[in-house]
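>>> quick one, structure for this:
(one chain, ligands or ions: 2)
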Amino acid sequence: MPDALIEDALAGNRRALSRLLSIVEAGGDEAQAALSALFGRTGRAHWIGLTGAPGTGKSSLASALARAFRGGNLRVAVLAVDPSSPYTGGAILGDRIRMADLSGDSGIFIRSMATRGALGGLARATRDLARVFDACGYDIVLIETVGAGQNEVAVARVAHTVVVVEAPGRGDEVQAIKAGILETADVLVVNKADLPGAPATVRALRTMIDTGHPAQKTVWHHGQMMTAEAPPPHAEDAALWVPPIVQTVATSGQGVPELVSAIRDHESFLKNSPSAGTIERARVHLEMMDHLREALLERLLKALPEGALDAAVDEVLARTADPHSAARALMQQAPAAMP
Ligand SMILES: Nc1nc2c(ncn2[C@@H]2O[C@H](COP(=O)(O)OP(=O)(O)O)[C@@H](O)[C@H]2O)c(=O)[nH]1
Ligand SMILES: [Mg+2]
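Ligands and ions are numbered 1, 2, ... in the order given. This next block holds a predicted model:
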């Protein structure tokens, strides 16, 4: 890849940025080279994840938040990992932002990510694209994901601040619980607060935070990953972050300033709390584990004799081997890959 492309993207050229994002999203050697060149310039942006069930108002909130941050003169990138979010069609984003985007305001950049084909690598791709925005001077990266499964939870965890979006539904039903994303929340939003069920949803969430949400998990930010691999020496000294519940009406902007404050509070918690260093370290540790897993798997698959994996699959299908033993046997066939 020509260095000129990176130079141009860094200088604010939107077409260059767009091409750079495509290269990075595709992965591979070119992507690696670009990311290595950019890494030194990253670490300034705040990455905000918006996750929740379809229809709760994530795209509308992303639009409202983008507008609010732009009002504060910050540069905003929106990364839609939810393929159903009609950013490109412009059906959701307000006219002001759409026009600004089209007329080349370098202060906002909207990008939809293709989720197909990124098997297992969706979180990786999200992180890499967010880093490109970070390097190119965007202060805020808003990442919209639809909270529907493990893959999406992994994507949500890429963000520094995870905003879980709920909307009034039927009675106390909280969709985030079903999707398994409530425990990743740093900030809880009850959007569509103009609808009559909103107070019941707030009550249901509050009950869940108080009872079903062990304090320790909240302390360690984004759940088990922190407790599993980086227990801090003085856990009891760490400040406790309890996810606040904010009510919003994304379509009118009501509650959006409060949401911005809650996000900012969490950002300063991440930077200033006694466990800030631990949290950052755990984040890097987790990412390194992802890269190592990917690299080891790649090496193993390359080192295997032709057809060995298919043969192992056949054995499992024929019930002559169990999957665990078959996997171990494969590893022994490729000693070079496994030191
Ligand atoms: N009444 C009401 N409708 C909203 C609100 N926020 C979003 N909507 C509507 O809910 C629908 C889904 O919103 P969208 O942002 O696409 O949800 P997403 O699927 O989570 O991204 C759209 O028709 C929005 O106009 C709100 O605060 N109140
Ligand atoms: Mg959406």
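
>>> pLDDT value on the closest residue to P54 other than its chain neighbours, please?
Leaving out its chain neighbours, the residue that sits closest to P54 by Cβ to Cβ, 6 or more residues apart in numbering is V146, at 5.6 Å. In short, each C-beta sits where N, CA and C put it, glycine included. On pLDDT, V146 comes in at 74.

>>> specify the beta-bridge partners of V146.
Beta-bridge pairing for V146 (DSSP bridges): G52.

>>> surely it and K58 touch.
Yes: between V146 and K58 there is a contact under Cβ atoms under 8 Å: 7.5 Å.

>>> more neighbours, these two?
Ranked by neighbour count (other Cβ atoms under 10 Å), V146 and K58 place K58 first, with 30 against 24.

>>> not counting sequence-adjacent ones, nearest residue to the more buried one?
What sits nearest to K58 in space, not counting adjacent residues and going by Cβ to Cβ, 6+ apart, is L50, at 4.6 Å.

>>> where do the strands sit along the chain?
Secondary structure of the chain by DSSP state E: the strands cover 46-52, 76-80, 108-112, 140-146, 161-166, 187-190, 245-247.

>>> which strands and helices lie in contact with the second one?
Based on contacts counted as 3 or more Cβ pairs under 8 Å, 6 or more residues apart in numbering; DSSP states H and E, the elements that strand 76-80 packs against are helix 58-71, strand 108-112, helix 122-135, strand 140-146.

>>> count the residues that sit near the closest residue to D265 other than its chain neighbours.
Of all residues not flanking D265 in the chain, P244 sits nearest, at 7.6 Å (Cβ to Cβ, 6+ apart). Neighbourhood size, P244 [other Cβ under 10 Å]: 18.

>>> number the chain from 15, please
Renumbered: residue one is now 15, and that last one reads P258.

>>> now do P258, the pLDDT please.
Residue-level confidence at P258 comes out at 93, pLDDT.

>>> got a list of what it touches?
P258 makes contact with V201, L202, A276, D279 under the criterion Cβ atoms under 8 Å, 6 or more residues apart in numbering.

>>> what about the first one, how many residues close to it?
Applying other Cβ under 10 Å, we find 23 residues neighbouring V201.

>>> doesn't A173 make contact with it?
No: counting by Cβ under 8 Å, V201 stays clear of A173, with 10.7 Å between them.

>>> quick revisit: of all the strands of the chain, which one is nearest L344?
Nearest to L344 among the strands of the chain is strand 154-160 (33.1 Å), distances taken as Cβ to Cβ.

>>> what angle separates that closest one from helix 72-85?
Orientation check (axes from the mean of the first three to the mean of the last three Cα atoms, to 10 degrees): strand 154-160 against helix 72-85 gives 180 degrees.

>>> by contact count, what packs against strand 154-160?
Under the contact criterion of 3+ Cβ pairs under 8 Å, 6+ apart, strand 154-160 touches strand 60-66, helix 72-85, strand 90-94, helix 136-149, helix 164-170.

>>> and the contacts of the fourth one?
Pointing back at helix 136-149 there. By Cβ under 8 Å, 6+ apart, the residues outside helix 136-149 that reach it are 23-24, 31, 34-35, 38-39, 41, 45, 48-49, 52-53, 55-59, 61, 91, 93, 95, 123, 125, 127, 129, 132, 155, 157, 159, 165, 168-169, 171-172, 301, 304, 308.

>>> which stretches in the stretch 215-353 of the chain count as helices?
Along the stretch 215-353 of the chain, the stretches classed as helices by DSSP state H, counting those that start in this stretch are 229-233, 238-243, 270-286, 290-317, 322-331, 337-347.
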